[in-house]
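Student: fold the following, please.
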Amino acid sequence: MGGPRGSGPQLIAYADRLGGDIDGLRALLEGPLAGAFDGVHILPFFTPFDGADAGFDPDDHAAVDPRLGDWDDVREIARDRTVMADVIVNHVSARSARFLDVRERGDASPYAGMFLTLSSVFPDGATEEDLARIYRPRPGLPFTAMRLGGRQRLVWTTFTADQVDLDLRDETAWAYLAEVVDRLVDAGVSMLRLDAVGYTGKQAGTSCFMTPGAFAVMERVAAHAHARGAQVLVEVHGHHAEQIEIARQVDLVYDFALPPLVLHALTARDLAPLERWLAVRPENAVTVLDTHDGIGIVDVGASESRPGEPGLLDDAQIDALVESVHVNSRGGSRLATGSAASNLDLYQVNCTFYDAVGADDDRYLLARLLHVFVSGIPQVYYVGLLAGGNDLELLAATGVGRDVNRHHYSAPEVQEALRRPVVQDLLTALRLRRDHPAFAGRPRWEFDGTRATSLWTCGTAQAELRVDVSDASSRVRVREGDEDWRVVLERSGG
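Tutor: Numbers count the residues shown, from 1 in each chain. Prediction:
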């Protein structure tokens, strides 16, 4: 293996949208994808996996949806690989048994303290200034009027009215969350992704985002996970300096700045912002180019939370980047982003990464090679693995912007995609990252105008990537000991 177990590439996938169910996903990992991945992030497989937010609003977070399998299927897929699963920390489904009990019985319910209302954070009432200060990734205020025990209340709903926020100061809420963690770890899950954890520490007089209370939640969940032998990945979008600070306090963070910086490099033929980021980024990172969500923009921009600190890209560069994605995707991303999408995200562009680079195989492979050669744990989203384009039919059917990058693959579609040269080349790169001994070392990056070189060295083993963003040319070569360099992948671009 190239590095320690679990440090190689990981697949991100909905079980139902790639393999049909959990066992079908395992069959793909052991069949045509064999040797490419050390692990897999199985996106929410709880009951139900197909709710209002594609599984991030389960009625029962501690149960596997029987349409996808059971806990034994999770244990089986975890037997020979690292499995990551989501711990939905910030909220539960409005249809969950505990919240339905609160709706019925109000304060008489034993679960009443689990859920946040406006008065939970602002017991003396909130001023206009208090409400305007609250950070939310969508327009409007994060409250939904509901009747709890016959009394009209403003329930805190950061994301949608179907997702009710937890009050993790309450021990009943904590017991619920600990139960979820225990069930996952008992089934062999060894990496826990804390979904939306930055929103958990609501506090009067703050933005209610990334507060000391949120960090306290991270620490408490991590301590419980560590006691059970699991690692924690924190999912937070924000200013790049915040990611650096968070990384010092947790096991793993996402490198959400990488995707827009790679896109900027390819569309503006400018590697300078990527060079600056690679010099300061945290090493304990999970790297991605695409996920089940959109391509983050807030991660490279300036932020009100960091006054006076510039972003990795300036406003003009970000505007040009977003417009280039819309043009490259032939308008598909424009249909799926902003006011066109019912789940409007203020900080994301909804588009497959393949369409974001204009469905150009050379540029797409160059982006993936940069991804593979950056330090950290590389994760590849299933649509990106198959170089998939925007699913405009699904978008039209649901009206949900992020669905443009959440295609349901049939078995024949998977087999057809796997035969494409760009997908075969990507699998070659992933198998190299997983197996070559050079990747047990560290990379050294050099930049010269539109050209970049990454050289990984461990002992006498070396792996080298050379790219030029001006013509999308790329070359990967390796050697061990006294042997000559061997070219593994090469594209001349154009």
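Student: L184: neighbour count?
Tutor: For L184, the neighbour count with other C-beta atoms under 10 Å is 27. Glycine gets a C-beta too; all of them are placed from N, C-alpha and C.
Student: now do the same contact list for it.
Tutor: Applying C-beta atoms under 8 Å, 6 or more residues apart in numbering, we find L184 in contact with 85, 87, 192, 230.
Student: helix/strand/coil for the second one?
Tutor: So that's V87. strand (DSSP: H, G, I helix; E, B strand; the rest coil).
Student: if we ignore the residues flanking it in sequence, what's nearest it?
Tutor: L192 (5.0 Å; C-beta to C-beta, 6 or more residues apart in numbering).
Student: state the pLDDT value of G296.
Tutor: On the pLDDT scale, G296 is placed at 89.
Student: what helices and strands are in contact with the strand or helix carrying the residue nearest to V87?
Tutor: Element membership for L192 (DSSP states H and E) is strand 191-195. Counting contacts by 3 or more C-beta pairs under 8 Å, 6 or more residues apart in numbering; DSSP states H and E, strand 191-195 packs against strand 39-42, strand 82-88, helix 171-186, helix 212-227, strand 231-234.
Student: for the closest residue to S207 other than its chain neighbours, what are its contacts?
Tutor: Nearest non-adjacent residue to S207, counting by C-beta to C-beta, 6+ apart: Y135, 4.2 Å away. Contact analysis of Y135 by C-beta under 8 Å, 6+ apart lists 207-209.
Student: what residues are bridge-paired with the nearest residue to V40 once chain neighbours are set aside?
Tutor: Distances taken as C-beta to C-beta, 6+ apart place L11 nearest to V40, at 4.7 Å, with adjacent residues excluded. Counting by DSSP bridges, L11 is bridged to V40, V380.
Student: what's around L11, how many residues?
Tutor: 25.
Student: same question for the one 4 residues further on.
Tutor: Counted by other C-beta under 10 Å, the residues lying close to A15 total 29.
Student: hang on, isn't it packed against L68?
Tutor: Yes - counting by C-beta atoms under 8 Å, A15 touches L68, with 5.1 Å between them.
Student: shared neighbours, these two?
Tutor: Residues touching both A15 and L68 (C-beta under 8 Å, 6+ apart): 21-22, 45, 49.
Student: min pLDDT across those, which one?
Tutor: pLDDT across these is lowest for F49, at 94.
Student: okay, and it sits in which element?
Tutor: Here F49 is assigned to no helix or strand, by DSSP H and E.
Student: what's near enough to touch it?
Tutor: By C-beta under 8 Å, 6+ apart, the residues touching F49 are 14-16, 55, 58, 65, 67-68.
Student: before we move on, the earlier item: need the contact partners of the strand holding L192.
Tutor: Contact with strand 191-195 is made by 6, 39, 41, 56, 82-90, 181, 184-185, 218, 221, 225, 230-235, 252, as judged by C-beta under 8 Å, 6+ apart.
Student: do the same with stretch 92-112
Tutor: Residues outside stretch 92-112 that contact it (C-beta under 8 Å, 6+ apart): 51, 57-61, 114-115, 146-151, 157, 161-164, 166, 172, 176.
Student: list the buried residues for that stretch?
Tutor: If you call a residue buried by 16 or more other C-beta atoms under 10 Å, then stretch 92-112 has these buried ones: 92-96, 98-99, 101-103, 109, 111-112.
Student: what is the burial count for the nearest residue to G494 once chain neighbours are set aside?
Tutor: Closest residue to G494 apart from its sequence neighbours, by C-beta to C-beta, 6+ apart: D471 at 6.2 Å. When neighbours are defined as other C-beta under 10 Å, D471 has 16 of them.
Student: tell me which element D471 falls in.
Tutor: Going by DSSP H and E, D471 is not in any helix or strand.
Student: pretty sure it sits against L366.
Tutor: No - D471 is not in contact with L366 according to C-beta under 8 Å; the separation is 9.7 Å.
Student: what do the two both touch?
Tutor: Residues touching both D471 and L366 by C-beta under 8 Å, 6+ apart: G493.
Student: centre-most residue in the protein?
Tutor: The centre of the chain sits closest to T291, judged by C-alpha atoms, centre = their mean, with a distance of 4.8 Å.
Student: once you drop chain neighbours, what's closest to that residue?
Tutor: Nearest residue to T291, sequence neighbours excluded (C-beta to C-beta, 6+ apart): Y381, at 5.5 Å.
Student: that neighbour against H292, yeah?
Tutor: Yes - with contact defined as C-beta under 8 Å, Y381 reaches H292; the gap is 7.0 Å.
Student: now do the shared contacts for those two.
Tutor: In terms of C-beta under 8 Å, 6+ apart, Y381 and H292 are both contacted by the residues 12, 405.
Student: follow-up on the earlier one: quick one, what contacts the residue nearest to G494?
Tutor: Neighbour list for D471: 492-494 [criterion: C-beta under 8 Å, 6+ apart].
Student: of the residues you listed, closest to L278?
Tutor: Taking C-beta to C-beta as the measure, L278 lies nearest G493 of the contacts of D471, at 21.8 Å.
Student: touching, that closest one and S473? I think so.
Tutor: Yes - applying C-beta under 8 Å as the test, G493 and S473 come out as touching, 3.6 Å apart.
Student: mutual contacts of these two, please.
Tutor: With contacts defined as C-beta under 8 Å, 6+ apart, the residues shared by G493 and S473 are 362, 366.
Student: rewinding a little: report the buried members of the contacts of F49.
Tutor: Among those, the ones that count as buried by 16+ other C-beta under 10 Å are 14-16, 55, 58, 65, 68.
Student: looking at those, which is nearest R269?
Tutor: Nearest to R269 among those, counting by C-beta to C-beta, is Y14 at 34.7 Å.
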